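Visitor: show me the folded form of this:
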Amino acid sequence: MQIGVTGGIGSGKSLVCKIFNSMGIPIYEADFRAKELTNKDEVVKEKILTTFGKKSFLNNRLNKVYLAQEVFNNTEKLKQLNAIIHPAVADDYDIWQRQFKNYKYVIKEAAILFESGSFKTCDKVILVDAPRNIRMKRVIQRDLVSEDEVEKRMNNQWSSEKKAELSDFIIMNDGSKALIPQVMDIHNKLMSI
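Guide: Numbers count the residues shown, from 1 in each chain. Model prediction:
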């Protein structure tokens with residue numbers, strides 16, 4: 001089975017995936033792989049250069065600051081960037097998951113699993129959630145960015161409510177319940193399918 005794990009920025013999806021991984025479940029980190037592909041895949045790099053110009057790369061590495069300024073306030077440019085990256089990540093994931101055919105399930109971790117449409121290829125989806133104010137605080141501390149910057153990122157993602165409607169499981173990561181028992185419960189349910 002192919003299981004998607006998603007959640008808004010700062011929800012703790014990476015931590016949840018580390019718990020699954022410690023139980024031997026293979027994890028595909030879509031956001032990490034997207035960054036890798038933008039710097040190493042020549043076709044992806046060429047498409048970004050053609051679409052966003054020479055400033056999109058600095059010293060042969062993706063110029064994230066420039067690109068973020070270009071796309072986060074311009075939905076059309078964000079769509080153009082996503083149209084380059086999402087198909088490349090989908091192909092990369094397809095190749096990756098084939099090596100784990102003997103596993104009961106694998107996990108694809110992606111912040112924008114719903115927004116990108118890649119949830120449609122998942123058998124089940126796990127949403128990791130926390131209140132917006134908690135997520136905001138985590139991201140400010142983690143990334144050393146302003147509240148305004150975090151707000152912009154959050155506004156480019158679907159709301160927790162919208163994601164919850166399409167999710168099969170929800171892990172609440174607000175400190176009210178321990179994460180490991182929640183993960184174990186879902187793992188046991190997935191293993192029994």
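Visitor: burial of residue 52, as a residue count?
Guide: By the measure other Cβ atoms under 10 Å, the count of residues near residue 52 is 20. No exception for glycine: its C-beta is placed from N, CA and C like everyone else's.
Visitor: I'd like the next helix or strand past the longest helix anywhere in the chain.
Guide: Longest helix of the chain, by residue count under DSSP state H: helix 75-98. Once helix 75-98 ends, the next helix or strand along the chain (criterion: DSSP states H and E) is strand 106-109.
Visitor: which neighbours does the helix or strand following that following strand have in its sheet, and in what orientation?
Guide: Downstream of strand 106-109, the next assigned helix or strand under DSSP H and E is strand 124-129. Applying DSSP bridges, strand 124-129 is found paired with strand 2-6 (parallel), strand 169-172 (parallel).
Visitor: can I get strand 124-129 as PDB, trimmed to CA atoms?
Guide: The C-alpha trace of strand 124-129 is given here as PDB (Å, rounded to 0.1, in the frame of the first residue of the first chain):
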ATOM      1  CA  LYS A 124      -4.700   5.900   2.600                       C
ATOM      2  CA  VAL A 125      -3.700   9.400   3.900                       C
ATOM      3  CA  ILE A 126      -2.600  10.300   7.400                       C
ATOM      4  CA  LEU A 127      -2.900  14.000   8.400                       C
ATOM      5  CA  VAL A 128      -0.600  15.300  11.100                       C
ATOM      6  CA  ASP A 129      -2.300  18.300  12.600                       C
END
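Visitor: for it, the averaged confidence score.
Guide: For strand 124-129, the mean per-residue pLDDT is 98.
Visitor: sorry, back to before: redo the strands paired with strand 124-129 as a markdown table? Include mean pLDDT, mean neighbour count and distance to residue 106.
Guide: Putting these into a markdown table (pLDDT from 0 to 100; neighbours: other Cβ atoms under 10 Å; distance: least, Cβ to Cβ, whole Å) gives the following:
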| stretch | mean pLDDT | mean neighbour count | distance to residue 106 |
| --- | --- | --- | --- |
| strand 2-6 | 98 | 25 | 6 |
| strand 169-172 | 98 | 18 | 16 |
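Visitor: what about stretch 122-138, how long is it end to end?
Guide: End-to-end span of stretch 122-138 (Cα to Cα, to the nearest Å): 28 Å.
Visitor: just to revisit the earlier point, wait, which of the strands paired with strand 124-129 is closest to residue 132?
Guide: With Cβ to Cβ as the criterion, residue 132 lies closest to strand 169-172 of the strands paired with strand 124-129, at 13.5 Å.
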